[in-house]
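>>> The sequence and its predicted three-dimensional model are supplied below.
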Amino acid sequence: MARRIAVRILLGAFTVLAVVLLTFVLQYVVPGDPARSIAGPKATPEVLKEIRGQLRLDDPWWSQLGHYLSSVLQGDLGTSYSNDRPVLSLILERLPATAALAAAALVVELVLGGLWGMWEALRPKRSWLLATVNVGLLSMPVFSLGFLLLLLFGYQLPIFPIDGGSGPAQLVLPAITLGLMGSPYYANVVRDSMREALSSSYVRTAVSKGLSRRRIVSRHVLRNIASPVTTLIGMDVAVFLSGVVFVEKIFAWPGIGQMQTEAFADLDRPLLTGTVIVAAALVVTANLLVDLLRSAIDPRAASEAP
Amino acid sequence: MAGPPPLPSRRHLLTFGAAGAAAAFLSGCGGPGSPPRPGALAHVGAWAPGPGDQSGARRGGHIITAWSNEAQSYDPAIGWDLHSWEAISTVLHAPLYQYAGPADGPAPHAAAAMPKVSADRRTYTVPLRRGVRFHNGRRVTAQDYVWTWTRVLDPELASWASSYLLGIEGATEVYEKKAKKVRGLEALDDHTLRIRLSEPDILFQALLCQPYMAALPKEEVERLGAGFSRTPVGTGPFRITRYDSKRQRALFRPHDHYFWRGTPLIDTLEYRWGIDYPLQALQLSGGKVDVLGEGLVPSQAARFTADPEMRERFVHPVPVRGSQWITTNHKRPVLKDPRVRQALSWAVDREQLTRVSFGLSDPWGCAFPKHLDRYRRTARPYTHDPDRARALLKEAGVGRLRLRFLHGTQDPWPLMAQVLQQQFASVGVEITLDAMSESAFELATSKGEGDLYGTDMYIVLDSALELVTTCFTSDAAQNYTGYHNKRVDALTAKARKAPTVEASNAILAEVEKELTEDAAGIYIGSLNFLAARSPDLRNYQMRGETGSYYDRLWVKR
Amino acid sequence: MTTAPAPAATLGSEVTIDRLSVNYGDFTALRDVSLTVPAGTTTALVGESGSGKSTLALAAGRILPPGASISGGSVTVGDTELTALRGKALREARGHTAAYLAQDASAALNPVIRVGKQIAEVHQVRCGASRAEAAELARQGLADVGIPDPDRVARLYPGALSGGMRQRVIIAIALAFRPQLLIADEPTTALDVTVQADILALVSRLQQQCGLTVIWITHDMSVVAELADHVAVLYGGRLVEHTDVLTLFEGARHPYTQALLTCFQSGRFAGPKQPFTTISGSPPVAGPPGGCPFHPRCPQADARCGTELPAPRRVGHDHTAACHRLEETP
Amino acid sequence: MSTVPVTPPTATAPVATAASGPRPDQPRPAARATARTAGRRLWLTGLCLLGFLVVLALCTPLAGSPYTIHTDSLTSQGLPAGVGENGHLLGTDAIGRDLFARTLFGLRATLIIALTANLTSVALGAVVGLVAGFYRGWFEQVLMRIVDVFLSVPTVLSGLALASIVGRGTTGIIIVVTALYWAWTARLVHGETVRLRGRGFVEAALAHGVRRHTALRRHVLPHLSTILLNVAALNGAAVVVVGAGLSYLGAGIQPPTPELGNMLADGSSSMTYAPHTLFVPLVLVIATVLAFVLVAEGLNRRNPLSERRSWLDA
C-alpha cells in the first residue's frame, strides 16, 4: 500500500512539473509586453527597457525557463510583477477562500446530486420534471446562472449579502451556483450505480433478512455507490478550479480564480504560472486523496491497478 | 451593451490608451466658481483648493468606494491606474498646488503661494506652506521635495513619470546615472524651493500639481521598502491604517496634523476592490457601496440610462477634457494622402457612433476636447457628409480601399469598430476588424501595426499642449504611426515657451486648426465621465485630474 | 468441528401451499400448485428450466423478485399466512419465516461489508443483540458451518473468500435467522464436486440438529437422492408428481418423471461413446399449451391429454400425479 | 436448445446463466423490449431536434444580415428594442442589430463548433484511450500521464492563453476546445478498454493468434461505440457551454461574427435593462444542449441495465 502511494506521489510530481512547463510555454507565447502593463501606456521606451532589464524579460526563453524552474524547485515562485510581493504568499493568502468555495460547492453538489439521484433511483417511474431540470443545468453557462442568482437572491430579494468579502453568508450564493452546475453529473452517477446496486442479489439477501428499507439503503447500498461517486469527486476538482474563475469574478469572491484572470490580463507571468502550479498540485493531491478514500470505502478498488 | 464585457483588469480603463493620468475633467455642477467660502461650521478653517460648497457641513460617517481591481501601487511615483491615481492624488498625498474651482487653474496647496517666476521664465521659486506635516508627524522641508523628485528620476525605480521632470536642469544626468544630484533643484532654506529649467515650459506650473511631485518622507520610504507601495506615508488628508489584500480592502483615517485644519469631515474611508462591474452597479443601487471608483463603464452606463429615476439619484455626469479619435497609420502609403484621411473624417456619423458609449462621449469633429478653458477655437469640426467623402476619395484617385481596424477588449471600442465598419462601407471603404486581447493590442499599436485603431486621451496638465506633445508632434512618446507635420512641431515648441497660458492657447488654436485640416486622426468624440455615487453623500466633488475629493464631502444617512 | 449446542427447539415448521398461482406481468409462471412440506423434512423441487420451481420456492418464502405477483392461492409457513401480508408486516414476517440460499454465493454477499458484520447484522436486527453479542454469535455461526479460524474470516471481505467458503457464510447467515423454512436455490451448482459434497453434508447435518424444513431446488437427481425426503416434479408451471424419494426412484408414474430418470441414468452410467438419451422437444416458453403441459413431448399422449388438463390424483400412500393415462404406464 | 442439460451444468460464469425461468435480477425480456423502444423514442427526438436546429441554421440567409445596425429601432435613450418591437421578430441587441438574424447566424456558428470540436476531441480522446488501454506497459503510463497533465491545467486559463495564440476565429475555438476536452474522453475510454480487456472474449481472440490491432478493432471498438456515442453527446453539451465561457472572458469568437457563446456573454451584461438579449440566445443554447443530452439519454436507455427492477419493490 505504501509503495502504491509513493508511486502516485512521484507521478503527481511529474504531472505538476509537466504542467509548469506547459504553462510557462503558454504564457510565454501569449503576445503582449509585461513591462507596459507595469509602467502604463505613458511610460517612455527607456523606462520600459529598464523594467524589462530588471525583470530579465529580454533574456532568451531557455534561460528564463531555467532560472524559473530552479527557483520553483526551491519553492520560490518568484515575485509578482503587479504588486511586488512573493507569489507564494499571495496565493497562500487567497487559497483558503477558493478551498472554502470548492468545499462548499462540493457539499452542495453531493447533497443535491446525491439526494436527487437516490430519489430517482428509488422511484420506479422516471420523472420528467427532474430530467428537464437536468438538461437546464447542463446547458446553462456558469456566468449566466451566477448572475441570475446574484440578481434574484442578492438584489431583488436581498436574502444574501452582496457586499463582497469572504464570510460564510457571502459563500452561500457562489457555492450554490457551482454546486448546481455539477449536481446533474452526480445525480446521474448516483442514480445509475444505485439502480445497479438495488437490483443485485446482496440486496435480495438484505431484503430476505427483513431489514427496513431505510437500513438497507443506508447500510448496504450507500457504501456500494461510494466508489463511483468518489471517482467523480476526483475528476471534479479540476472542473472546480475553472468554474471558480467565473464565479469568483461575478460574486467578487477573493480566491485564486479571480487572481488568475487578473494575472492573465496583466501578463503578470510569475503570478499566472504560480496559480496554475498551485491549481495543478491541488488537482493531483485531490486525486490521490480520493483514491485513498475510495480504497478505504470499497475493498474491491484496492486491488485495481494504481 | 454589446461587445464582450471588459477583461477583469480595469487598470487600463480610464487610462484609455494614451492618458496615463486619471480622467481629467471640470466639476460641472454645484458651488460657485469663486475660491471656497468659509463653511458654516465655524471650526472648519480654509478648505484645500478644489470645487465644492461646504455650507451645512456635518462631521462623521464611513464611506466605501468600490474598485474593480487592486491598485497598481499607492507609491505616487509608480501608481498610474485610476485606483492608484485617486488614492495618491487626493487621499494620501498633497501636491504643491491643486486645481481650484471648476474652471480655474492651480491654487496653492502644500505650497504657501504661487511660484515666483524669473524674467526668462526658467527659474521657479516656490514658497512652502508652514505647518505641513507627514502622517508620522514630521514637518515637511524643502529638502524632502529635492529628495522625492530626485527619487522619481532614479532609473532604478523606473518610474513612468520620470520623463516629465527631464525639463529641469541636470535631471537628464541623474536619469542616465551620470550624477547623484539634480543641478537645477535647490532647497534655499527649509521653506523655499528653487527649480531651474533648461528652457521655459508653460506646462511646468501644472506639473507641480501632479501627485508624483508631492513630498515623501525619506526615512519612511527606506524603512518600509517594498511595503511603501501598499502602506505609504504622505502629507494627504488621510493616512492608511490597514491594507488587507486577503479580504481586498484598505482603510483610511483622517490625518491628525493635516494642514487644512478641520478637514476631512468623515471618520473613515474604505476602498474595496476585486468587484466586477455588474456587481458594483448592484451594490451601489442596493446601498452597500457609496462611490464607484471607476464611475460607470459603458455596459453599466446603459443600465442607468434605461431607468431615468436611477440616473437622477445615482449618476453625476461630469464633462472631461479628453478627446476620442481613430489614429490613422501614416506609414501606409494610401493613408499618407491627407485627402483620404479627410474623406474618412467626413464619412463618420459621429451621432450614431457615440450613442454606443451611452453618454461617455459626445460627438465632436475636432482634434482638441470640446470644453477647454481660456481657449478660443478657430478650427471647423468635421460633420457627417458621405458625398463629400466620396468626392475626396475620387479626387485622390482611390478605388477599393481595404483597411485593418485593430481593437482590444476595452469598451466601447469593440462595438464602435462594428458601427464604423458599416459607416465606412457606405462610402466604399472596406474595414476588416482585428480583435485581440488588451495587452496584445497595446503591443501591436506600439509597433505601428494595423491601419486604424481607436485612441482616447485625457488632459491632466491643464492645457491641450499635453495632447499634442504626447500624440501628434514628430517626437511624441505615443506617435507610433510616423505622423510628421513640421508646422505642428514648430507651433507646439512656440506654444510651450509662451509667457502666459492665454498666449499659449492662442498658438494652440492654430495647431488644432492645422491638425484638423490635415486630418492627422479621424476625430469622433469629446469624452465625458459618469461618476456614480450614493444620494446620501453631500458635496460630492470629482475632478478628472484627481478623482473624488473625500476631504470635503459628508454623509446624511 | 465442534458439535454445535443443540438448539433450543426444532426450528422447522410445516409449509402448506394451497392452489398457488404466480405470474410475472402477463407470463404465468405457476398455476394453482398445492404442496405441503412436513416440518423438519426436505422436499426437492425438480424440473427443467422455466418449470417454475424457483418461483414456487421463492413464493414459499415471499421473496419473489420484483414484477412477480401472486395471483391466487395461499402459502402458510408454521402458523403465519404469508400471501396476505403487506408492507411492514411482510417485512417482519420475512425476517423469521424463510432463509434463502442463493445459487451464486459471491453475488449474494455485500462486497463492501466484512463477512462477520453481515452475519452479526441478522442477530442485531432480529433479536436485538448488542454489537459485541452479535459479533460473538456471528463467530459462533461461522464455527457451526465448519469455517476454520472464524475470527480471521469474520474480518475478511467476501471478495477474499473461496466459493465454498462464501457458500458456508451464506448458510451461516441463513442459520442466524433461526428460519422456519430454508430455501436452497441450487446452492452447490457453482461449486466443484468435492466442495459440493462438503456443503451437502453440512446442510444435512444442520437439518438433523436444528430440525430445519428445507425446500431444495435442483435438477441434479443425485442431490435429490442424497438429501430429499420428498420430491415434487414441476413442468410448465404445474405440479406433475409429488411423492417421497424412494417411490420416485422405484415407481415414478408420470411419463415426464420417468423420462427425467432415464436421462439421468443414461448420463450417470453411460459407457464411453454411448449417446445420452434425451427428451425430445423443449420446455414451453411462451406459456403452457392447453391440456396437459407435457403432452407435445409425452410418448403416451392421446387426444384427451391435448385438450383436458389432468387433475392431480392420489396414486399411492404419499404419492400424487397428474396424468390421464396413469393406469397404462408401468 | 434441443437437448435438455441433464448432467450438472459446468461452472458457468455467473453472468452467462441458463435461462432457468426469469432470473430474479435480470430484467424480463418484456422489460428489455420497453427499454429499447423508450430509448429509441428518446434519441430519435434528440436527433430530430438536432436536425431541426441544423435546418434552422441553414436558412440563415432568409433572416437578413446580422450586421446591419438599425439605429432607428433603438429607443430614444438608445436602448435595444424588445421582442417584436419595431418590426424585429426577436427585438434588437444592445447596438440595434436584429436579434433574430444574429441568433440564426449564431446558431450556425455554434453548431459548427459543437459538432466539429466534439468530433475531434472525442476522436482524439478515443484513439489515445484505446491505444493506452490496449497496449499496456510503459506506453500506457506515458499516455495516461499526459492525460493527467491536460486534466490538471485549469481549462479556462489554458483556453484563454491558447485562444490568444491560435487566433480567435472558429478554427481557433475548435483547437482550444479540442485541446481542453480530449483528455476527458481519453480517461473514460482507457478505463473502459482496460475493463474490456479483462473480459473473456478479448483474451480468447488474442489466444487464437489474432493480431492485436485487429482484435482491438473487431472486439473492443464495437463495445466502446455506445460509450463513445454517450460521451460525444454529453461532450457536445459541454462544448457549447465552454464556448460561451471563453467568449465571456473575451477569448471566444470575436465580434462582429455572431455566435451563441458571445451573444450570451453580451446578454449577461445587458440583462438588467434588456433581458431578451440574454434569454433568446439562452433558449437556443438550451435547445442545442437538449438535443445532445436526449441522444445521450436515449443511448443510455438502450442498454437493459437501466430497466432493472429494484429489490426494494419486491
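Here it is on my side, so go on.
>>> Any residues of the stretch 101-250 of chain D in contact with chain A? List them.
Residues of the stretch 101-250 of chain D found near chain A (Cβ under 8 Å from any Cβ of the partner chain) are D:145-146, D:148-149, D:151-158, D:160-162, D:164-165, D:184, D:187, D:194, D:234, D:237, D:240-241, D:244-245, D:248-249. The C-beta positions use only the backbone N, C-alpha and C, and glycine is treated the same way.
>>> Show the buried residues in these.
Restricting those to buried positions leaves D:146, D:148-149, D:151-158, D:160-162, D:164, D:184, D:187, D:194, D:234, D:237, D:240-241, D:244-245, D:248-249, with burial counted as 16 or more other Cβ atoms under 10 Å in any protein chain shown.
>>> and those, which of them are in strands?
Taking DSSP state E as the definition of strands, those contribute nothing to them.
>>> ok, and which of those reach chain C?
With Cβ under 8 Å from any Cβ as the criterion, those include none near chain C.
>>> Among these, name the ones in helices.
Per DSSP state H, helices hold the following members of those: D:146, D:148-149, D:151-152, D:155-158, D:160-162, D:164, D:184, D:187, D:194, D:234, D:237, D:240-241, D:244-245, D:248.
>>> Considering only these, which also neighbour chain B?
Residues shared between those and the neighbourhood of chain B are D:164, D:248 [Cβ under 8 Å from any Cβ].
>>> surely C:Asn110 meets C:Ile119?
No - with contact defined as Cβ atoms under 8 Å, C:Asn110 does not reach C:Ile119; the gap is 11.5 Å.
>>> List the buried residues for the longest helix seen in chain A?
When chain A is scanned for its longest helix (criterion: DSSP H), the result is helix A:87-122. Along helix A:87-122, the positions that meet the burial threshold by neighbour count (16+ other Cβ under 10 Å) are A:87-88, A:90-91, A:93-95, A:97-98, A:100-102, A:104-106, A:108-110, A:112-114, A:116-118, A:120-122.
>>> Could you see whether chain C lies near that helix?
No - residues of helix A:87-122 contacting chain C under Cβ under 8 Å from any Cβ: none, with a closest distance of 12.5 Å.
>>> got the contact list for D:Thr214?
Neighbour list for D:Thr214: empty [criterion: Cβ atoms under 8 Å, 6 or more residues apart in numbering or on different chains].
>>> For burial, what's the neighbour tally of A:Arg3?
Taking other Cβ atoms under 10 Å in any protein chain shown as the neighbour definition, A:Arg3 ends up with a count of 8.
>>> nope, C:Ser21 is what I meant
C:Ser21 has 18 neighbours, counted by other Cβ under 10 Å.
>>> And it, how far from C:Asp32?
The gap separating C:Ser21 from C:Asp32 is 5 Å, by Cβ to Cβ, to the nearest Å.
>>> shared neighbours of the two, anything?
Shared contacts of C:Ser21 and C:Asp32, defined by Cβ under 8 Å, 6+ apart, comprise C:72-73.
>>> any chance you could map the helices in chain A?
In order along the chain, chain A carries the following helices (DSSP H): A:2-29, A:34-39, A:45-54, A:61-73, A:87-122, A:128-139, A:142-149, A:168-198, A:201-208, A:213-215, A:222-251, A:256-265, A:269-297, A:299-302.
>>> ugh, wrong one, the stretch 351-500 of chain B
With DSSP state H, counting those that start in this stretch, the ranges of helices along the stretch 351-500 of chain B come out as B:386-395, B:413-425, B:438-446, B:465-471, B:486-496.
>>> Next: the stretch 201-330 of chain C.
Using DSSP H, counting those that start in this stretch, the helices assigned to the stretch 201-330 of chain C run over residues C:221-227, C:245-251, C:255-269, C:303-307.
>>> same question, the stretch 51-200 of chain D
Using DSSP H, counting those that start in this stretch, the helices assigned to the stretch 51-200 of chain D run over residues D:99-134, D:138-152, D:155-166, D:170-198, D:200-207.
>>> Which element is encountered next along the chain beyond the host helix or strand of C:Glu92?
C:Glu92 is located in helix C:87-97, with elements delineated by DSSP states H and E. In the C-terminal direction, the helix or strand that comes right after helix C:87-97 (DSSP H and E) is strand C:98-101.
>>> counting contacts, what elements does the helix holding C:Glu92 pack onto?
helix C:115-127 (3 or more Cβ pairs under 8 Å, 6 or more residues apart in numbering or on different chains; DSSP states H and E).
>>> Could you give me the buried positions within the helix it packs on?
Along helix C:115-127, these residues count as buried under the neighbour rule (16+ other Cβ under 10 Å): C:115-126.
>>> Run through the neighbouring helices and strands of that helix.
Packed against helix C:115-127 by the contact rule (3+ Cβ pairs under 8 Å, 6+ apart) you find helix C:87-97, helix C:131-144, helix C:150-155, helix C:163-176.
>>> Any idea how many residues pack against the residue lying closest to B:Ser504 once chain neighbours are set aside?
Using Cβ to Cβ, 6 or more residues apart in numbering or on different chains and skipping residues adjacent in sequence, the residue nearest B:Ser504 is B:Ala498, 3.7 Å away. As a burial measure, the neighbour count of B:Ala498 was computed by other Cβ under 10 Å and equals 19.
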